[in-house]
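Engineer: predicted model and sequence below, questions to follow.
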Amino acid sequence: MPDDAATPTLRRATLEGYSWDDVEPRRYREEPGALFEGVTRQVLFSDPGLQGELRYFEVSSGGYSSLERHAHMHAVLVLRGAGRCLVGEAVYAIGPHDLITVPPWTWHQFRAAADQKLGFLCLVDAERDKPAAPSAAEREALMRLPAVREFLAGR
Ligand code: MN
């Protein structure tokens, strides 16, 4: 066995609540002024030996993540519930076991259905840039697209 072999981490799941031993739900975003509603974040894997992190996000019914973009990518796997996501200029209905990637510098937002929560795993680079919110002009440009306007209005 190599000298640097470490002890594995096993955190048992309590799947009914989509929670794991010793994993605390955190505020979704720490920045003041970030615009979102009803989102929790659990960091499942974050280790100096890994270049990625795996998080579990849960959006309560009617809630939404912040509208943002950044240089790093996301790879998302839906675990439970139902909702929609905006990626770029397209809106997709998503449900359990659907996979979607968010390319670099692409506007994105996740919204739970009005009557269901939306829970998903999100894989990201461990070292990554901070998300940017749209400027007034960028938001205006997005709102010119009918599908995006409806989505952002929660319809
Ligand atoms: Mn993001």
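Structural biologist: Looks like it arrived, so ask away. It should be emphasised that the depicted structure is a prediction, and the values quoted were computed from it without experimental measurement.

Engineer: where does this structure have its least confident helix or strand?
Structural biologist: Of all the helices and strands that make up the chain, the one with the lowest confidence by mean pLDDT, DSSP states H and E is strand 26-27; it has a mean of 82.

Engineer: and that one, which strands flank it?
Structural biologist: Looking at strand 26-27 with DSSP bridges, its partner strands are strand 37-45 (antiparallel).

Engineer: which residues touch the partner strand?
Structural biologist: By C-beta atoms under 8 Å, 6 or more residues apart in numbering, the surrounding residues in contact with strand 37-45 are 11, 19-20, 23-29, 52-65, 112, 121. Backbone N, C-alpha and C define where each C-beta goes, glycine included.

Engineer: hmm, 7 Å instead?
Structural biologist: The list of residues contacting strand 37-45 from outside it, by C-beta atoms under 7 Å, 6 or more residues apart in numbering, reads 20, 23, 25-26, 28, 53-60, 62-65.

Engineer: can you tell me which helices and strands the longest strand along the chain packs against?
Structural biologist: Ranked by residue count under DSSP state E, the longest strand found in the chain is strand 52-64. The elements that strand 52-64 packs onto, with contact taken as 3 or more C-beta pairs under 7 Å, 6 or more residues apart in numbering; DSSP states H and E, are strand 37-45, strand 108-112, strand 118-125.

Engineer: would CSV of those strands with mean neighbour count and distance to Arg84 be doable?
Structural biologist: Putting the helices and strands packed on strand 52-64 into CSV (neighbours: other C-beta atoms under 10 Å; distance: least, C-beta to C-beta, whole Å) gives the following:
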stretch, mean neighbour count, distance to Arg84
strand 37-45, 16, 14
strand 108-112, 22, 5
strand 118-125, 19, 9
